[in-house]
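Attaching a predicted model along with its sequence, questions to come.
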Amino acid sequence: MNIINILRSFFSKNNFEFFFKIIFILFLTILIFDPQDTIFKLKAFMFLLIMSCTILYYCIYQLRMKLPLKLVIFPLIFAMSPILSIIENRLFRSAGIFNDLALAKGFLFFLFIIPIYIFRQDLLKNILYLLNLLSALIIFIFYFGLFYEETLFFQNIKNFGDSYQILKVGQRSFSSLHSFFQVYYVSSPLLLISLAYYSGSFFSYHSKNLFTFLLLLLSFFGLICSGTKSNYVCAFLIPASFLIFYSAKNYKLISAVILSVTSILYKFRDLFLINSNSNFDTANHIKLNLLHEYSSIFSNTSTLLWGDGLGRYRFWLAKNSFYFISEWTYLEIIRWFGVFLCLPIFFILGYPFFYFFRNVNESQRLVYLIFAYTFYLLISIVNPLLFSSLGILLLCLVYCEIFSAHNKKKNFWR
């Protein structure tokens, strides 16, 4: 007790919480605008600072605070899988080459939900502010590039993005018929969160809010301008899904929405269909050939059951390269950990759906996030997005809403 009193004399609770709020917002800003950690190189430092502040704050002021059991156990289980795999790599797989430490950071990042809960920070509200800025930035660069592509200022933007590997600007060919100008910011898939939130907010109420609709359009065009197939599809499907979800008895409207979305996707069907004879479809063709490689990998019973080791390099014939990860996210989890060790990971990824269907009317915000989470998991099937800091940030966001809704306390988030 004497030590705690001494610490309290040095650290005022209000000042402590204010300091945490500042580093919390700075950390989120770095995550979204410097996702590759190439500009400031502060991601790891900020995470350790946040965790250190949380431990200190909890010991000084919140020892009596009861944390939900799942809040502690789920992140620990999620973190234990890569740790066990790293130990196994070092002890029993010394002949292989691994990038396990880099991948383990994503799993450890799930611990971020603990300081968010203890300090009661509204993660969703803060992320929405930053995603609105990201959408506006993408749209600005997109339209500036369309009209002033040859200017020195635009070339500097392009060179900056290439140098720090956070932004790709220029024409992208999807097929012999379709070529689009794109401004792909690495964190743009997170715009699914803001699009889902504003779509749900707009379509769930009878009195439509113009400001909410404008924010919906901001996220929609942010995804469109970012220029990937996944972002294109989600930009149309997310609002359509909410319109159908909140118009369950309006069969004419539902039919019109389904017909419209289907017509748009059919119009651009050659963007998504695999054509092995097309020079513009190399990426899809590689992904298809990778599936054949996985059938060969999992034919080895030992690899199937116990895994090949987290981040183990292998020569991928389809890509003609030696690398530690492929685009097939969920098959990679099985390759890394094996069937037994990957089960807890898949359980934690799937638990939000179990909770949602049992408590569908508990939180309107959770409804919006489940839609965003579902689409993010779907696009992660063939994109290595899930176990980056951005993917785990979305997972943290969903779990924060689950624990806050389960808390039953009004205005839980500050």
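On my side now, so go ahead. Residues are numbered from 1 along each chain as shown.

And the strands in the chain, which stretches?
Ranges of strands within the chain are 167-173, 179-185, 314-316, 321-323, based on DSSP state E.

need the contact list for residue 71.
The neighbours of residue 71, taking C-beta atoms under 8 Å, 6 or more residues apart in numbering as the test, are 113-114, 117, 399, 403. (Glycine included, C-beta is placed from N, CA and C.)

returning to that earlier point: what's the closest of the strands of the chain to residue 333?
Residue 333 sits nearest to strand 314-316 of all the strands of the chain, at 15.1 Å, using C-beta to C-beta.

For that closest one, name the packing helices and strands.
With contacts taken as 3 or more C-beta pairs under 8 Å, 6 or more residues apart in numbering; DSSP states H and E, strand 314-316 sits against strand 321-323.

For the strand it packs on, which helices and strands make contact with it?
Looks like strand 321-323 contacts strand 314-316 (3+ C-beta pairs under 8 Å, 6+ apart).

Who wins on neighbours among the contacts of residue 71?
Ranked by neighbour count (other C-beta atoms under 10 Å), those have residue 399 at the top, with 26 neighbours.

you'd agree it is up against residue 113?
Yes - counting by C-beta atoms under 8 Å, residue 113 is a contact partner of residue 399 at 5.2 Å.

all helices in the stretch 1-150 of the chain, in order from the N-terminus.
2-10, 13-33, 43-61, 69-92, 100-108, 113-119, 123-148 (DSSP state H, counting those that start in this stretch).

If we ignore the residues flanking it in sequence, what's nearest residue 307?
residue 338 (3.4 Å; C-beta to C-beta, 6 or more residues apart in numbering).

Just the endpoints, please. Distance across stretch 103-119?
In stretch 103-119, first residue to last residue: 27 Å (C-alpha to C-alpha, to the nearest Å).

May I see the buried residues of it?
For stretch 103-119, the buried set under the neighbour-count rule, 16 or more other C-beta atoms under 10 Å, comprises 103-119.

how far out from the middle of the chain is that stretch?
Relative to its chain's centre, stretch 103-119 lies at 14 Å (C-alpha atoms, centre = their mean, to the nearest Å).

Repeat that for stretch 303-312.
24 Å.

In the stretch 1-150 of the chain, where is pLDDT below threshold?
1-10, 62-63 (pLDDT under 70).

Then the stretch 251-400 of the chain?
Applying pLDDT under 70 to the stretch 251-400 of the chain picks out residues 251-254, 257, 261, 264-282.

do you know how far residue 357 is from residue 367?
In this view, residue 357 and residue 367 are 11 Å apart by C-beta to C-beta, to the nearest Å.

shouldn't the residue nearest to residue 307 be in contact with residue 301?
No - Residue 338 is beyond contact range of residue 301, at 10.1 Å (criterion: C-beta under 8 Å).

Those two: which has the busier surroundings?
Neighbour totals were compared for residue 338 and residue 301, and residue 338 leads with 21 against 8 (other C-beta under 10 Å).

Next, give phi and psi for residue 359.
Taking degrees, to the nearest 10, you get phi -140, psi 50 for the backbone angles of residue 359.

who's in contact with residue 37?
Residues near residue 37 by C-beta under 8 Å, 6+ apart: 30, 43-44.

end to end, how far does stretch 34-47 reach?
14 Å.

and it, which residues are buried?
For stretch 34-47, by 16+ other C-beta under 10 Å, it's 34-35, 37, 43, 46-47.
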